[in-house]
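S.K.: need coordinates for the below:
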Amino acid sequence: MIKKFSVFLLAFTLLLSCLPMVPVHAANNAIAKLSGNSNPLMDHKLGADPYALVYDGRVYIYMSSDTYVYNNDGSIKDNDFSGLDRIQVISSADMVNWTDHGAIPVAGANNKNNGRGIAKWAGNSWAPAIAQKKINGKDKFFLYFANGGAGIGVLTADTPIGPWTDPLGRALVTHNTPGMAGVTWLFDPAVLVDDDGTGYLYSGGGIPNESDPASIANPKTARVIKLGADMTSVIGSATTIDAPYLFEDSGLHKYNGKYYYSYCINFAGTHPPQYPAGEIGYMVSDSPMGPFTYKGHFLKNPYTFFGVGGNNHHAVFNFKNEWYVVYHAQTVSKAQIGAGKGYRSPHINKLTHNGDGSIAEVQGNMTGIAQFSNLNPYTRVEAESMAWQAGVTTEPTQASGGPISNLNVTNVHNGDWIAVGNADFGSGGAKTFKANIASNAGGKIEIRLDSATGPLVGTLNVSSTGGTQTWKEVETTVSNATGVHKVFLVFTGTGTGNLFNIDYWQFTPNTTGTRVEAEDMTLGGTYAGKISSPFNGVALYANDDYSAYTQYFANSIHSISVRGASNNSSTARVDLQIGGTTVGSFYFTGTTPTVQTLSNITHVTGNQEVRLIVTTDNGTWDAYVDYLQFN
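M.R.: Got it, this is the predicted structure:
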C-alpha cells in the first residue's frame, strides 16, 4: 500500500501486431498481456499490493482494488486510492490461466460498497494478506486487511473465495494494541502460520520524521505480534522490527528453517548503496519474532523493468516446489492510458535462494512463468478463466452452477476475444463445443486455435436468449481440434452494444467410451502370456504379471469394466492402475467369464498408462482377462 511515494514516468509506444493465418475479420488487440506472456496476470482489470495463498493445487492472489479515478472532465487523475475498499481475487492451477473470482466487498463504513461491505466499521481495505489454518479438523481462511493506515482487520471463511464474515466487528490491531505505539502507518499486513500452527502478524511502515537522517535510516515502524490459536486475536505485545530504511510492505516467508522478513526500502534522503531506494530488501532471523539481521535486496523498483515506477509491493511464496515473488507494476495503466498514474497490476517471476541462503536478484519481465500443466478442455471452464483477452470485462452473474461469487464475461463487441493457454485435446480430438450464453442481441463465437486469427475449428451461433441474465446452453460441432493448443474464442456481431454474456464453455471428445482387448496390450512380468480359452485374452500367472497400454483421458471420472475369469473355483484378483496409482481391483470367481465394474473411479487425466496387474497371487489361482472398457 502507498501513502506517499515518488512516481517515475517514462513515455513509450507499445506496438501490437497480429499475424493472421485465416483472415476473416479484424481481431482486436490485447491491452498489456500479450499472447505467450504470463505477465501481467490480468489486464481486464487492475489489482495492487498482491499477496499469495497456495491451497489444494492452486495459487490464489489477493489484491487491493485499484480502480481508475476520474476528474470532472472525464480524464483519469493520479490514483488517490479512494477506490480501495474491496479485495480482488484471482486463482490459477497453471500460472497462465487465471480465474477471476471478483471483488470481496470488505469496507462497510458510511455505506461503502453500496451497503454490502462486510466490515461495517472499516472505511478502507488496503493491501490484503491471507492464511489458511486447520482448526478443529477443518480448513479455515483468514483474510487480513488495512483500514487505511489506522489498523488491521480480519475476515474469515471456509474456502479461499468465501463467503466471508467479520468475526470481530472491529479492528484486530490498532495503535492502542500493546507494542503498536510509534507506528506511523499501521497497514500492509503479512501473516505466517508456522510449522507448529502458531500464527504471526507483521505490519507497519512510514518514517516518523522525514527531515531526520536517523529516522529515515531506522524508522522502527515495523511490528510483529503473535496471534491467538483462533487467528483472530493477539497475544502479548508487538515486537519492533528494526528494518533499515523501511518504507512499507511487510513480507514474511520461511526457508530452510530461517525466517525472511522483506519490505520496501524508502525513498527519503540519501542511502548507502546496500539500501537502494524503492527496492525490496530483506532480513533473516532464527525466530518469527526476530531479531532480524539485514542481508540485502532482491527485487528492483518496477521502473527498472517496465519504465514506470512508484512504490514496490510484493509477497514471496512456494508453489509446486518452486519459489516465486508476486509484485505489482503499472504496466496495464501504462499500456492503456500512456502513463501509470499510480495504477498497479500483478506480476509473478521466479525467486531463487542461493546455497548460502541469500536471495538472488529477481528478473522482472513480461514473459513471466511458463504454463505448469495443460488445461483440460473437456471439463467446464469458467469464461472468466483467461490467459489473454481483448476488450472484455467481467461482472457478477445470476447463472447457476459456478463457483462462489460466480462471474460472467461481458462487454463483448465485434472482434473482442478471450483465450486460454495449452488446452490438451488429445489424439482423438474434440467433437462439439458448448457455451452458456445470455443475450439480447446475439452474434457468433469463432473457435480458433493458437491465435485470434488462427485455424477456425468451429463457429457457435448465438441468438437472443431474452435477457442478459437469461441463460441458455448453446452447442456446435467442431473439427480438427487435436493435440495441445491455445484456444481463442473470438466474438463477432453487429451493433455497438454488448453482444452477449458468457458464463462457461466446454468441449466434448470424439470418443466417450473405450474398449481395449487384453491381447492387444503390452504384456509384462515373468509369466504373462496370451490365451485362446475361455476367450481370446491374456493370462496373468504370478505377482507383477501385467497387461498395459496408454490411454488418453479427457475426463477424470469413469466407470471401468473388465471381463475375466479365474482358472479354477478360487477367486482371482486383478488390480487396476492408472498413471501408476492403483484405483481399484476386480475379483473373478470360477472359470465362467464375468464382467466386473468399478463405478465412478477418479483418476488423473491426459495420456496415462493403464495397467491390469496381479499383486496378491498365493499360488492357488491364475487370472484370465478378456478386455477392459471405459464408460
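S.K.: can you give me the end-to-end span of stretch 590-607?
M.R.: The straight-line separation of the ends of stretch 590-607 (C-alpha to C-alpha, to the nearest Å) is 34 Å.
S.K.: for it, give me every contacting residue.
M.R.: Here stretch 590-607 makes contact (C-beta atoms under 8 Å, 6 or more residues apart in numbering) with 374, 376, 424, 426, 534-535, 550-569, 576, 578-579, 581, 583-584, 586-588, 624, 626. (C-beta placed from N, C-alpha, C; glycine too.)
S.K.: at 6 Å instead, please
M.R.: Residues from elsewhere that reach stretch 590-607, judged by C-beta atoms under 6 Å, 6 or more residues apart in numbering: 376, 534, 550, 552-553, 556-563, 565-566, 569, 578-579, 583-584, 586.
S.K.: now the longest helix seen in the chain - C-alpha only, CSV.
M.R.: For the chain, the longest helix by residue count, based on DSSP state H, is helix 331-337. Once side chains and other backbone atoms are set aside, the C-alpha atoms of helix 331-337 remain, and they are given as CSV (Å, rounded to 0.1, in the frame of the first residue of the first chain):
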residue,chain,number,x,y,z
THR,A,331,2.1,-2.0,-16.9
VAL,A,332,-1.6,-2.2,-17.7
SER,A,333,-2.2,1.5,-17.0
LYS,A,334,0.8,2.5,-18.9
ALA,A,335,-0.4,0.5,-22.0
GLN,A,336,-4.0,1.6,-21.6
ILE,A,337,-3.6,5.4,-20.8
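S.K.: that one: which residues count as buried?
M.R.: With burial defined by 16 or more other C-beta atoms under 10 Å, the residues of helix 331-337 counted as buried are 331-336.
S.K.: over to stretch 105-117?
M.R.: 105-108, 112-113, 117.
S.K.: with just CA atoms, put it into CSV.
M.R.: The C-alpha coordinates for stretch 105-117 follow below in CSV (Å, rounded to 0.1, in the frame of the first residue of the first chain):
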residue,chain,number,x,y,z
PRO,A,105,-16.8,-6.1,-0.6
VAL,A,106,-14.7,-5.5,2.6
ALA,A,107,-15.2,-1.9,3.7
GLY,A,108,-18.7,-1.2,5.0
ALA,A,109,-18.5,2.2,6.9
ASN,A,110,-20.6,5.0,5.5
ASN,A,111,-22.5,2.8,3.2
LYS,A,112,-19.3,1.7,1.4
ASN,A,113,-19.8,-1.0,-1.3
ASN,A,114,-23.5,0.1,-1.6
GLY,A,115,-24.2,-1.3,1.9
ARG,A,116,-22.8,-4.7,1.1
GLY,A,117,-19.5,-4.1,3.0
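S.K.: give me the mean pLDDT for that stretch.
M.R.: Here stretch 105-117 scores 97 as its mean pLDDT.
S.K.: can you check stretch 518-538 too?
M.R.: 94.
S.K.: endpoints of that stretch, how far apart?
M.R.: According to C-alpha to C-alpha, stretch 518-538 extends 6 Å from its N-terminal end residue to its C-terminal end residue.
S.K.: and for stretch 262-280?
M.R.: Where stretch 262-280 starts and where it finishes are 7 Å apart, if you go by C-alpha to C-alpha.
S.K.: now stretch 33-51
M.R.: With C-alpha to C-alpha applied, stretch 33-51 spans 20 Å between its terminal residues.
S.K.: who's in contact with it?
M.R.: By C-beta under 6 Å, 6+ apart, the residues outside stretch 33-51 that reach it are 1, 31-32, 61-64, 66, 88, 96, 98, 127-129, 313, 315, 326, 328, 331-332, 343-347, 366-369, 388-389, 393.
S.K.: report the buried residues of it.
M.R.: Neighbour counts using 16+ other C-beta under 10 Å place 33-35, 37-51 of stretch 33-51 among the buried residues.
S.K.: poorly predicted segments of the stretch 351-500 of the chain, please.
M.R.: By pLDDT under 70, the stretch 351-500 of the chain contains no weakly predicted segment.
S.K.: all strands of it, in order?
M.R.: Using DSSP state E, counting those that start in this stretch, the strands assigned to the stretch 351-500 of the chain run over residues 381-382, 385-386, 388-390, 393-396, 407-410, 417-424, 430-439, 443-449, 456-462, 467-477, 484-492.
S.K.: which strands and helices lie in contact with the last one?
M.R.: Using 3 or more C-beta pairs under 6 Å, 6 or more residues apart in numbering; DSSP states H and E as the contact criterion, the neighbours of strand 484-492 among helices and strands are strand 417-424, strand 443-449.
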